[in-house]
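Chemist: Got a sequence here, can you build the structure:
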Amino acid sequence: MEDAENYRDRYIEMCTRVDLKVRETVVPTETEKRSFKLLKIKLKKFSGEAKDFLAFWSQFQKFHDKIIAEEDKMQYLLQSVEPKSKAERLVLSFPATAENYPKAIDQLKERFGREDLLVQIYVRELLNLVMKNAVSGRTKTDLSTLYDELEGKLRSLESLGRTQEKYGDFLTPLVESCLPEEILMA
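Modeler: Residues are numbered from 1 along each chain as shown. Below you'll find the model as predicted:
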């Protein structure tokens with residue numbers, strides 16, 4: 001009889017453990033929305049300059065999540081644009097409703113985040129940087145600044161799928177043309 005009670009107790013204990021494990025692994029469905037107080041997060045505001053769109057979108061994309069309610073996302077979007085900017089005017093042209101959030105995002109991407117436009121902007125900035133330095137010349141102490149600026153532009157192009165293999169042939173001579181001769185000789 002005692003064996004039967006022990007067996008029953010172990011059975012109940014195991015069922016309880018299994019039930020707890022199942023509850024821990026349950027994942028909310030996509031249609032289920034979380035209801036929570038919006039976090040106070042300080043985001044860099046988007047001014048509406050296309051060259052700043054990648055940085056804006058990489059931070060804002062965290063809120064562009066299926067679990068957060070569309071109304072909350074629209075509020076985050078409104079908080080993430082610079083007051084009196086082109087971006088704010090665009091977002092404010094949509095009434096702040098859940099239905100308009102995807103439309104506002106699509107319009108922001110269309111106006112400021114087009115890949116072809118961004119590639120042109122970054123290539124122009126890269127060329128301006130190289131040309132400015134070729135004319136003015138750089139001292140040895142300025143080389144680290146030039147390097148950082150070039151790396152930033154190249155990383156932006158890489159994030160758009162423009163790898164060094166695609167632009168390395170013309171970029172290397174351009175960069176070399178703005179370096180002091182003593183650096184090239186070394």
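Chemist: Grab the most central residue of this structure for me.
Modeler: Nearest residue to the geometric centre of the chain (CA atoms, centre = their mean): residue 58, 0.7 Å.
Chemist: Can you tell me how far that residue is from residue 165?
Modeler: 23 Å (CB to CB, to the nearest Å). For the C-beta atoms, the positions are set from N, CA and C on the backbone; glycine is no exception.
Chemist: Likewise for residue 132?
Modeler: Using CB to CB, one gets 26 Å for the distance from residue 132 to residue 165.
Chemist: the more surrounded of those two?
Modeler: Shown here are residue 132 and residue 165; by other CB atoms under 10 Å, residue 132 has more neighbours (12 against 7).
Chemist: which residues does the more buried one contact?
Modeler: Applying CB atoms under 8 Å, 6 or more residues apart in numbering, we find residue 132 in contact with no residue.
Chemist: Next SSE downstream of the host helix or strand of it?
Modeler: Assigned by DSSP states H and E, residue 132 falls within helix 115-136. Where DSSP H and E defines the elements, the next helix or strand beyond helix 115-136 is helix 143-159.
Chemist: which residues are in contact with the helix or strand following that next one?
Modeler: Per DSSP H and E, the first helix or strand lying C-terminal to helix 143-159 is helix 164-177. Applying CB under 8 Å, 6+ apart, the external contacts of helix 164-177 come out as 123, 126, 127, 130, 134, 150, 154, 157, 158, 184.
Chemist: Before we go further, residue 66 is sitting in a helix, right?
Modeler: No. Assigned with DSSP: H, G, I helix; E, B strand; the rest coil, residue 66 falls outside any helix and is coil.
Chemist: quick one: it from residue 73, how far?
Modeler: Counting by CB to CB - residue 66 and residue 73 are separated by 10 Å.
Chemist: Would you mind telling me which of these two has the busier surroundings?
Modeler: Between residue 66 and residue 73, residue 73 has the larger neighbour count (other CB under 10 Å), namely 19 against 11.
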